[in-house]
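Visitor: how would this look folded up:
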Amino acid sequence: MKIFKQIGIGLLATACFAGSAAAQAELVFWQHGAGNPWEGPIFGKIVEDFNASQTEWKVRLQQFPQNAYNDSVTAAALSNELPDIIDVDGPVMPNWAWAGYLAPLEISDADLKGFLPGTIGKWQGKVYSVGLWDAAVALTTRKSTLDKYGIRVPTLDQPWTGEEFNAALAKIKESGDFDYPLDLAMADKSEWYPYAFSPFLQSFGGDIVDRATYKSADNVLNGDAALKFGEWWQSLFKDGMVPGTSQDPADKASGFLQGKYAMIWSGNWMAADQIKAFGDDVLFLPAPNFGHGSKIGAASWQLAVSQKSKHKDGASAFIRFATQDKYQAMFSDASGLVPATASAAQMTENYKAGGKMAVFYDLSARQAMVRPVTPGYVVQARVFQKALADIADGADVATTLDAAVDEIDADIANNQGYGQ
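Guide: Take a look at the predicted model:
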């Protein structure tokens with residue numbers, strides 16, 4: 001009888017252990033950073049820490065090259081094989097949510113307290129994604145350059161007006177000391193165009209689409225404000241203030257460092273090399289104010305939960321775990337990206353109070369504006385990119401913007417307003 005009891009207890013213990021092991025659900029996490037020297041190791045560390053922190057779920061990381069990632073997600077969605085957790089570029093999130101790829105996160109307002117607005121992916125009143133970092137753009141130059149030409153150093157509280165900015169470019173051009181006064185990185189014909197340049201349009205008072213309804217681009221992409229922006233944009237190229245669309249990619253990467261350009265419209269991801277080259281002489285300046293405030297782009301890669309996941313609670317738990325300040329700080333120290341919270345910024349070398357890149361956090365907090373929050377943005381971005389390139393190359397401004405509006409509005413109509 002005692003032997004039976006002992007065996008029974010042993011069998012019961014074995015069964016309980018097996019049941020516990022079986023209950024640990026696997027969560028597959030797709031991420032776009034294959035080959036990146038810092039994303040893989042840090043996300044690997046987060047996965048390892050999360051798996052060790054609890055016994056209910058086990059995350060498995062799978063990375064893809066960035067240039068193949070979105071296609072992989074789309075193909076998986078079509079074949080009903082999406083993983084549990086995916087990362088998504090912030091402005092693309094509404095399209096994936098509308099298409100049924102994503103589920104709202106199980107995350108509270110308290111979990112997101114203190115996060116930069118650009119790191120929270122919200123569509124139709126629900127949070128679908130959250131990022132561990134953001135990216136910010138600044139007008140980068142050298143103090144010695146501005147001093148040489150008697151140009152005021154702008155601040156966040158007193159940025160250059162459009163008139164001051166144009167006058168500064170003209171004065172530098174007249175000197176003949178540089179190939180161009182400003183580099184806009186026109187060689188980067190990608191998401192850079194809407195991310196970096198649509199804030200100029202918005203500062204003029206226009207936009208890519210009417211954000212009040214998201215039903216049309218009419219009167220915002222081709223209205224009076226947009227026409228003024230377009231004429232100004234074209235004048236930069238016509239007057240030789242910036243390199244054109246045929247810019248050598250090598251000059252985009254190093255022209256400012258080599259002294260070819262007096263200023264460069266560039267992001268925090270390039271700041272470390274600029275600081276290394278020029279030390280305390282480098283300045284990261286706010287965007288000019290063309291009448292409707294100084295604006296820069298916002299929203300980078302963010303974490304989301306697949307609609308097809310059978311363990312949305314576990315996937316959301318992993319995302320909440322991953323957004324801890326200490327992991328934000330790891331990413332920032334490794335890459336120079338802007339931490340999502342002020343508390344994480346204080347844990348970093350570059351963004352803590354007095355840090356050499358702290359201004360980028362302030363720029364994100366005070367000037368950043370997300371790109372249009374609509375499923376149609378993926379089309380609108382391409383249309384906007386082409387329109388700006390065409391105008392830079394000399395196309396008629398009004399005709400080009402009218403054509404862009406027609407294309408955007410046709411896409412919205414063809415998709416029944418994208419549910420907005």
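
Visitor: please make it C-alpha for all contacts and neighbour counts, starting now.
Guide: Will do.

Visitor: what about the strands in the stretch 151-300 of the chain?
Guide: For the stretch 151-300 of the chain, the strands defined by DSSP state E, counting those that start in this stretch occupy 180-183, 261-267, 282-285, 296-298.

Visitor: can you lay out those as JSON lines showing distance to Ser246, mean neighbour count and mean pLDDT?
Guide: Below are the strands of the stretch 151-300 of the chain laid out as JSON lines (distance: least, C-alpha to C-alpha, whole Å; neighbours: other C-alpha atoms under 10 Å; pLDDT from 0 to 100):
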{"stretch": "strand 180-183", "distance to Ser246": "13", "mean neighbour count": "24", "mean pLDDT": "98"}
{"stretch": "strand 261-267", "distance to Ser246": "16", "mean neighbour count": "22", "mean pLDDT": "97"}
{"stretch": "strand 282-285", "distance to Ser246": "26", "mean neighbour count": "24", "mean pLDDT": "98"}
{"stretch": "strand 296-298", "distance to Ser246": "24", "mean neighbour count": "26", "mean pLDDT": "97"}
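
Visitor: distance to Ile151 added to those strands, as TSV?
Guide: Shown next, in TSV, are these (distance: least, C-alpha to C-alpha, whole Å):
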stretch	distance to Ile151
strand 180-183	13
strand 261-267	12
strand 282-285	13
strand 296-298	22
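
Visitor: go through these and name the closest to Ile412.
Guide: strand 296-298 (23.0 Å; C-alpha to C-alpha).

Visitor: in its sheet, what does the closest one sit against?
Guide: Sheet pairing for strand 296-298, assigned by DSSP bridges, gives strand 368-370 (parallel).

Visitor: next SSE downstream of the strand it pairs with?
Guide: Later in the chain than strand 368-370, the nearest helix or strand by DSSP states H and E is helix 377-392.

Visitor: centre of the chain versus that next one, how much separation?
Guide: 18 Å (C-alpha atoms, centre = their mean, to the nearest Å).

Visitor: do the same with stretch 235-255
Guide: A distance of 23 Å separates the centroid of the chain from that of stretch 235-255, by C-alpha atoms, centre = their mean.

Visitor: try stretch 131-149
Guide: 18 Å.

Visitor: so for stretch 53-65, what's the average pLDDT?
Guide: Mean per-residue pLDDT for stretch 53-65: 97.

Visitor: now swap in stretch 125-138 and tell me
Guide: Rounded mean pLDDT across stretch 125-138 is 98.

Visitor: so which bits of it are buried?
Guide: 127-138 (16 or more other C-alpha atoms under 10 Å).

Visitor: tell me which residues in stretch 303-316 are buried?
Guide: 303-309, 311-312, 314-316.

Visitor: re earlier: and the buried residues of stretch 125-138, which of them are in helices?
Guide: Applying DSSP state H to these, no entry is found in helices.

Visitor: rebuild those residues as CSV, extending it with distance to Phe50.
Guide: Below are those laid out as CSV (distance: C-alpha to C-alpha, whole Å):
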residue, distance to Phe50
Val127, 22
Tyr128, 21
Ser129, 19
Val130, 17
Gly131, 17
Leu132, 16
Trp133, 19
Asp134, 23
Ala135, 26
Ala136, 29
Val137, 33
Ala138, 35
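
Visitor: just the ones of the residues you listed in strands?
Guide: 127-130, 133-134, 137-138 (DSSP state E).

Visitor: which one of these is nearest Asp157?
Guide: Closest to Asp157, out of all of these and judged by C-alpha to C-alpha, is Ala138, at 14.6 Å.

Visitor: between the two ends of stretch 83-93, how far is it?
Guide: End-to-end distance for stretch 83-93: 16 Å, by C-alpha to C-alpha, to the nearest Å.
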